[in-house]
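> Sequence and predicted structure below; questions after.
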Amino acid sequence: MKKPSIFTIGHSTRSIDEFVELFRAHEVGMVVDVRTIPKSRHNPQFNQEDLKQSLRQKRIRYIHIKTLGGLRHAKKDSTNLGWRNTSFRGFADYMATSEFRDGLEALMKIADQKKTAIMCAEAVPWRCHRSLIADALVKEGWVVRNIMTTTSAPRHRLTPFLKMKHGQLIYPEPAPTK
């Protein structure tokens, strides 16, 4: 059975109306918040309760899955040395945990029922941990699209140095070139 598409989006500095218009354009009916702390100091319209209420008024559902949140610390013995950015390395390490797996399973169940977008703060997906979540979803057979505008949602491309090892996603350090 073919898996449905799932979207990613970063709220950035958009107004709530601009944000909702993106969901309307791509027919998204469920927003899954993957921020560890569902607040925004600079964009209070994206604080959890305000956002939930604004989306509810537009008939878009909202849920927060904290176990998919970023802000993870890299392990000293990390196998994800391909990530130079330590926060991405930390999230990649976290992806090997049962907590991450449970969050991913919950997300896939939700997205099986309703057209869904995972949301974080960063506008561009390759600068956000949701790109790693997208890697995991693609490996599960999902089509992942990154909402950029009302007319643009390019397909997610797997991180080039991603590998599978014993059923786990890893991002190893590239082999030295000769």
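Structure received.
> mind showing which ranges of the chain have poor pLDDT?
Within the chain, the ranges that satisfy pLDDT under 70 run 1-3, 178.
> ok, which stretches of it are helices?
16-25, 48-57, 86-94, 98-113, 130-139 (DSSP state H).
> excluding its backbone neighbours, what's nearest K139?
L169 (6.3 Å; CB to CB, 6 or more residues apart in numbering). Every residue, glycine included, has its C-beta placed from N, CA and C.
> So what's the residue count around that neighbour?
20 (other CB atoms under 10 Å).
> Which strand residues bridge it?
M164 (DSSP bridges).
> pretty sure it is touching L162, no?
Yes: taking contacts as CB atoms under 8 Å, L169 lies within contact range of L162: 6.1 Å.
> which residues are in contact with both of these two?
Common neighbours of L169 and L162, counting by CB atoms under 8 Å, 6 or more residues apart in numbering, are D135.
> give me every residue that touches the spatially most central residue of the chain.
Central residue of the chain (CA atoms, centre = their mean): R130, 2.7 Å from the mean position. Shown in contact with R130 (CB under 8 Å, 6+ apart): 8, 10, 34, 118-120, 122.
> farthest-separated two in the residues you listed?
I118 and E122 (12.0 Å; CB to CB).
> neighbour count winner among those two?
I118 (26 against 17).
> So in terms of bridging, what pairs with that one?
Beta-bridge partners of I118, counted by DSSP bridges, are T8, V32.
> okay, now the residue lying closest to P4 once chain neighbours are set aside: neighbour count?
Here the nearest residue to P4 in space, its sequence neighbours aside, is A111; by CB to CB, 6+ apart that works out to 6.4 Å. Neighbourhood size, A111 [other CB under 10 Å]: 21.
> Same check on H64?
19.
> Likewise for V31?
V31: 24 surrounding residues under other CB under 10 Å.
> Check T159 too.
19.
> That one touches A134, doesn't it?
No: contact criterion CB under 8 Å: T159 and A134 do not qualify, at 9.0 Å.
> where does I65 fall, phi/psi-wise?
phi -110, psi 90 (degrees, to the nearest 10).
> ok, the closest residue to it other than its chain neighbours - how many residues close by?
Spatially, and ignoring its direct neighbours in sequence, I65 is nearest to G103 (5.0 Å; CB to CB, 6+ apart). Using other CB under 10 Å, G103 has 22 other residues around it.
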